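Chemist: quick one, structure for this:
(one chain, ligands or ions: 2)
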Amino acid sequence: MKEDYQVLLFYKYTPVLKPEELWAWQKGICSALNLKGRIIVAKEGINGTLEGLKKDTEKYMEEFQKIGVSVETKPMGNFRDIQFKTSVGTGESFPKLKVKVKDELVSLKFGEDDVNPNELTGKHLPPKELKKWYEKNEDFVVVDMRNDYEFKVGHFKNSVNPKLENSRDLPKILPELENLKDKKVLTVCTGGVRCEKMSGYLLKKGFKEVYQLDGGMHSYMEKFPGEDFLGTLYTFDNRVVMDFGGKREVISECEKCKEKSERYVNCANDFCHKHLVVCENCSEADGTVFCSEPCKESQKVTV
Ligand SMILES: [Zn+2]
Ligand SMILES: [Zn+2]
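Modeler: Residues are numbered from 1 along each chain as shown. Ligands and ions are numbered 1, 2, ... in the order given. Model prediction:
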């Protein structure tokens, strides 16, 4: 029988007095429970995604939520109410475990315009409230805060795509969102972590009414699979896209033949690695893909 794997997605913005201690704690427990994935620890909190056997991920969540309860664990922060999003794993979603201490949970580099989500952030809108907005035809605009390639395979209906290449580019594309300043804006991303600061940033820049989707698309799709979302949810692990059931359409297409496809690949030229959708038929015999003729030529072995 195939073993039962689970993927966890979590974050929390909360002061961490001693990030190195939290880093060591995370490394320790993840290694002991055979969890793989990525965790970023910073003075402003934690952001991570992990996969392991279901029972091990359950144990992890239980232990994690004890941090901050006792005096000894206080320097690591307070994670009693951290929320976990779960999805079905494959056992191969991540090649290894990476735990890092960084300056920011999401690399935004807002500099002087940096916001503390505990002080300034968009109002959290629960998925069931968004469902009502859709049903009642509320006057609102969904702004997708993910990168352009994530948007391509799936997104909320009627959403605005600022075509970010990177979260850091938000200040650069801000002028294009200027016309939404007086509207009711809802920012969305995969699990919610990116919206915490990005929605705060919009408020700081004079947007009047900004909401963020609580728990992100992940939470909405868990509750309402196949509804109001076109395509599928891109993930930053080997699964590439996540499926929550429900009927859905494939909306992205192969960049070469334009057939519908959700097969994300990286250009096999080590100096390129461009991220693109290419179907099986348009790939090399071994499944690899080159984004262009020059990339293909460059990898030919010449004697
Ligand atoms: Zn194709
Ligand atoms: Zn290439």
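
Chemist: going forward, measure contacts and count neighbours with C-alpha atoms only.
Modeler: Noted.

Chemist: enumerate the residues of the chain near ligand 2.
Modeler: Within the chain, the residues that sit near ligand 2 (C-alpha under 5 Å from the ion) are 267, 272, 291, 295.

Chemist: what helix or strand is the second one on?
Modeler: Here Cys272 is covered by no helix or strand, with elements defined by DSSP states H and E.

Chemist: show the pLDDT at it.
Modeler: In this model, Cys272 is scored at 89, pLDDT.

Chemist: residues touching Ser159, list them.
Modeler: 141-144 (C-alpha atoms under 8 Å, 6 or more residues apart in numbering).

Chemist: on the three-state scheme, Leu203 is what?
Modeler: helix (DSSP: H, G, I helix; E, B strand; the rest coil).

Chemist: check it and give its pLDDT.
Modeler: pLDDT, Leu203: 98.

Chemist: separation between it and ligand 1?
Modeler: 42 Å (C-alpha to the ion, to the nearest Å).

Chemist: wait, that residue sits on Thr121?
Modeler: Yes: Leu203 is within contact range of Thr121, at 7.4 Å (criterion: C-alpha atoms under 8 Å).

Chemist: quick one, which of these two is more surrounded?
Modeler: Thr121 (22 against 19; other C-alpha atoms under 10 Å).

Chemist: got the contact list for His275?
Modeler: 149, 264-267.

Chemist: go again using 6 Å as the cut-off
Modeler: By C-alpha atoms under 6 Å, 6 or more residues apart in numbering, His275 lies in contact with 265-266.

Chemist: mind pulling up the pLDDT for it?
Modeler: 88.

Chemist: that one bridge partners, please.
Modeler: Asn266 (DSSP bridges).

Chemist: which residue is the nearest non-sequential neighbour of Pro15?
Modeler: Glu44 (5.0 Å; C-alpha to C-alpha, 6 or more residues apart in numbering).

Chemist: look up how far Ile67 lies from that neighbour.
Modeler: Counting by C-alpha to C-alpha, to the nearest Å, the gap from Glu44 to Ile67 is 15 Å.

Chemist: what do you get for Glu178?
Modeler: Distance from Glu178 to Ile67, by C-alpha to C-alpha: 42 Å.

Chemist: neighbour count for these two, which is higher?
Modeler: Per other C-alpha under 10 Å, whichever of Glu178 and Ile67 has more neighbours is Ile67, with 21 against 13.

Chemist: was I right to think the more buried one contacts Thr73?
Modeler: Yes: the criterion here is C-alpha atoms under 6 Å, and Ile67 meets it with Thr73 at 5.4 Å.

Chemist: how many other residues sit next to Arg248?
Modeler: Counted with other C-alpha under 10 Å, Arg248 comes out at 16.

Chemist: contacts only, for it.
Modeler: Taking C-alpha under 6 Å, 6+ apart as the test, what Arg248 contacts is Gly226.

Chemist: against Met242, how distant is it?
Modeler: In terms of C-alpha to C-alpha, Arg248 sits 12 Å off from Met242.

Chemist: please identify which helix or strand holds the residue most central in space within the chain.
Modeler: Centroid-nearest residue in the chain: Thr190, 4.0 Å away (criterion: C-alpha atoms, centre = their mean). Under the criterion DSSP H and E, no helix or strand holds Thr190.
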